[in-house]
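> my questions concern the predicted model and sequence given below.
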Amino acid sequence: SFPGGRRDPTDGDAVATALRETREELGVAVAGASVWGQLRTLPDRHGMTVAPVVANLGPLEALTLTPNPDEVEEVFTLPLAHLLREENQGYTHFRTASGYGYTLPVFLNGPHKVWGLTAIITELTLELLVPGRY
């Protein structure tokens, strides 16, 4: 999943919350100038509103991650090329009591299956970064 959490009273907006959460969870200080923007808000499965923020953190090799063990179990990345390969993309269909419910994206064949809200945010980001290829 992505760094995230609830907005603190001291956070000015969703971007400030995302930058603070990234610093607290991964030990990465992201400059506000690195922020590209905010994706559309999404509901999570508990009815909370999630406001994904996209930023350019520079080369992965230049980052020093210091995950907070109280909040982060494991860190992994997936290259853009991996996410764009059709064999690594799929969909999961969910049923409700009345029949067909909804369909969500899933990304396969990496160190972990990426699904749920993380896959939705990944899909929205790919649509922006590589239109026409995803």
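Sure, I can see it.

> what residue ranges in this structure score low on pLDDT?
Residue ranges of the chain with pLDDT under 70: 1.

> helices of that one, residue ranges please.
14-26, 80-84, 116-129 (DSSP state H).

> which one of those lies nearest to residue 40?
Among the helices of the chain, helix 116-129 comes nearest to residue 40, with 7.3 Å by CB to CB. Every residue, glycine included, has its C-beta placed from N, CA and C.

> next, the buried residues of the closest one.
Burial within helix 116-129, assessed by neighbour count using 16 or more other CB atoms under 10 Å, is assigned to 117, 118, 119, 120, 121, 122, 123, 124, 125, 126.

> in CSV, list the helices of the chain along with distance to residue 40.
Shown next, in CSV, are the helices of the chain (distance: least, CB to CB, whole Å):
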stretch, distance to residue 40
helix 14-26, 11
helix 80-84, 19
helix 116-129, 7
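
> nearest to residue 65, of these?
Here helix 14-26 is closest among the helices of the chain (CB to CB), at 5.2 Å.

> which one is residue 114 nearest to, not counting chain neighbours?
In this structure, residue 114 finds its nearest non-sequential neighbour in residue 107, 4.0 Å apart by CB to CB, 6 or more residues apart in numbering.

> measure that neighbour to residue 38 for me?
Per CB to CB, to the nearest Å, residue 107 is found 22 Å from residue 38.

> before we move on, the earlier item: since we're on the residue nearest to residue 114, how many residues are nearby?
For residue 107, the count of nearby residues is 21 (other CB atoms under 10 Å).
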